[in-house]
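Colleague: Quick one: sequence plus predicted model below, questions after.
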Amino acid sequence: MHYLDYAATTPVSREVADAVYAALVEGFGNPSAQYACGRNAAAALSRARNTVAAALGCEAERLTFTSCGTESDNWAIRAALHHNRRVGRHIITTAVEHHAVLMTCRALMREGYEVTFLKPDRQGHIGADAVRAALREDTALVSMMLVNNELGTIYPVGEVAQLLRELNHPALLHTDAVQAFGKIPFSARTLGADFIAVSGHKLGAPKGIGALYIAPRVKNPCPLLHGGGQEEGLRSGTEATAQIAGFAKAVELHFADLAGKLAHIRELCSYARGELSKIDGVVFLCDDAAPHILAFSLAGYPSQNVVSDLDAKGICISAGSACHKGKPSDVVAAMQLPKKVAAGVLRVSFGAESTRGDVDALCAALDEHRQTRFPML
Ligand code: PLP
């Protein structure tokens with residue numbers, strides 16, 4: 001198999017699976033229990049939080065474990081609006097957010113909030129100036145992702161944080177960093193966002209574990225779940241100790257020689273661009289993007305057909321975000337691409353294990369598809 005869909009999810013290594021198994025079987029105690037096996041589970045939980053927090057560049061007490069990136073995004077947005085309920089009911093976000101943010105904002109519109117969706121240019125970019133132009137006195141929240149899941153485009157979250165500081169604007173800043181964590185260098189300490197959502201399964205952890213960073217200036221954030229008071233009372237419910245152990249082990253492995261891994265991915269991405277550009281009809285969607293995601297179009301060849309054809313050859317790529325397969329992508333729609341280009345949009349995404357052999361297999365299969373299938377009229 002040639003797996004080139006690391007932005008959808010990543011393989012779980014034996015070491016991560018072993019860490020999950022050990023937490024399930026040997027470390028099964030409830031972290032809230034007072035006896036030894038409970039205390040051991042609490043200690044393991046605390047070590048895991050330290051590991052993930054260190055990688056994110058924040059103090060452990062700023063990090064709450066959640067069930068996924070989607071939960072982190074939903075909670076961050078609702079908590080920011082609750083915190084700023086006296087500021088107003090206007091939200092600024094982008095038209096290229098993941099559905100975890102887009103759909104939450106659409107739901108909020110039905111609840112009476114006003115949302116400005118910033119549009120990208122033809123390359124998918126949105127500048128901090130667009131946020132400045134959209135800001136209003138009653139803007140309570142700006143939610144801008146750090147790396148786009150379909151394009152790999154990087155958004156100026158740090159600049160937006162600086163802008164809000166300069167203007168002394170009370171709006172809180174949330175960033176969906178699910179595709180950025182461990183993929184581009186950033187630190188919660190210096191980024192300046194008030195909320196940062198991350199997810200484990202994009203960097204080798206099991207699915208179903210995420211985290212939310214909440215900045216110290218958000219005093220008494222609104223809890224997501226009420227109950228037994230776990231996670232400092234912010235997200236009650238017995239902690240998912242095994243998932244969390246897997247998350248921490250994956251982060252530990254992923255961040256070991258991260259610079260080397262990222263250099264390999266960067267090199268592979270530029271090799272892929274070179275090889276793909278030899279295929280007639282290939283159009284790249286953006287020029288400067290995070291190196292683990294490469295978005296392009298085999299113009300005129302519907303992407304669902306390409307993905308199926310490649311699947312038959314054991315090559316896994318995506319026709320956009322795997323999170324809304326089958327439906328037209330909001331991101332591609334927002335870029336207003338020519339019809340044939342939009343119809344053929346594909347995403348390949350790399351991990352440390354990806355090889356030139358994977359890229360060569362991809363290019364051969366795409367070229368064959370182009371030569372053996374009729375393009376759309
Ligand atoms: N945000 C982005 C940018 C993503 O790419 C994804 C998943 O693809 C999510 C949020 C949702 O993360 P999860 O699958 O952990 O809910």
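Modeller: Yes, it's here.
Colleague: alpha carbons only for contacts and neighbour counts from here, please
Modeller: Noted.
Colleague: Give me the distance between His90 and the ligand.
Modeller: 22 Å (CA to the nearest ligand atom, to the nearest Å).
Colleague: separation between that residue and His82?
Modeller: Counting by CA to CA, to the nearest Å, the gap from His90 to His82 is 12 Å.
Colleague: Looking at those two, which one has more neighbours?
Modeller: Per other CA atoms under 10 Å, whichever of His90 and His82 has more neighbours is His90, with 22 against 15.
Colleague: Surely the more buried one and Glu114 touch.
Modeller: Yes: using CA atoms under 8 Å, His90 is in contact with Glu114, at 4.8 Å.
Colleague: for this structure, longest helix please?
Modeller: helix 36-56 (DSSP state H).
Colleague: what sits up against that helix?
Modeller: Residues outside helix 36-56 that contact it (CA atoms under 8 Å, 6 or more residues apart in numbering) are 23, 27-33, 59-60, 62-63, 181-182, 186-188, 241, 244-245, 247-249, 251-252, 255.
Colleague: restrict those to contacts with the ligand.
Modeller: Checked against the ligand using CA under 6 Å from any ligand atom, the contacts of helix 36-56 give no members in range.
Colleague: Surely Leu298 and Phe284 touch.
Modeller: No: if you go by CA under 8 Å, Leu298 and Phe284 don't touch, sitting 9.0 Å apart.
Colleague: quick one, which of those two is more surrounded?
Modeller: Remark: of Leu298 and Phe284, Leu298 carries more neighbours, 27 against 20, as counted by other CA under 10 Å.
Colleague: Contacts only, for that one.
Modeller: Applying CA under 8 Å, 6+ apart, the residues near Leu298 are Gly281, Val282, Val283, Val341, Gly344, Val345, Leu346.
Colleague: Can you tell me what sits against the lowest-mean-pLDDT helix or strand in the chain?
Modeller: Least confident helix or strand, the chain: helix 330-335 with a mean of 86, by mean pLDDT, DSSP states H and E. Residues from elsewhere that reach helix 330-335 (CA under 8 Å, 6+ apart): Ala95, Val96, Glu97, Lys119, Pro120, Asp121, Arg122, Gln123, Gly124, Glu150, Ala342, Val345.
Colleague: again with stretch 145-158
Modeller: Contacts for stretch 145-158 (CA under 8 Å, 6+ apart): 7, 96-98, 124-128, 144, 174-180, 190-193, 285-286, 288-295, 320-321, 331, 347.
Colleague: Near Tyr21, how many other residues are there?
Modeller: 17.
Colleague: How about the one 4 residues further on?
Modeller: Applying other CA under 10 Å, we find 10 other residues in the vicinity of Val25.
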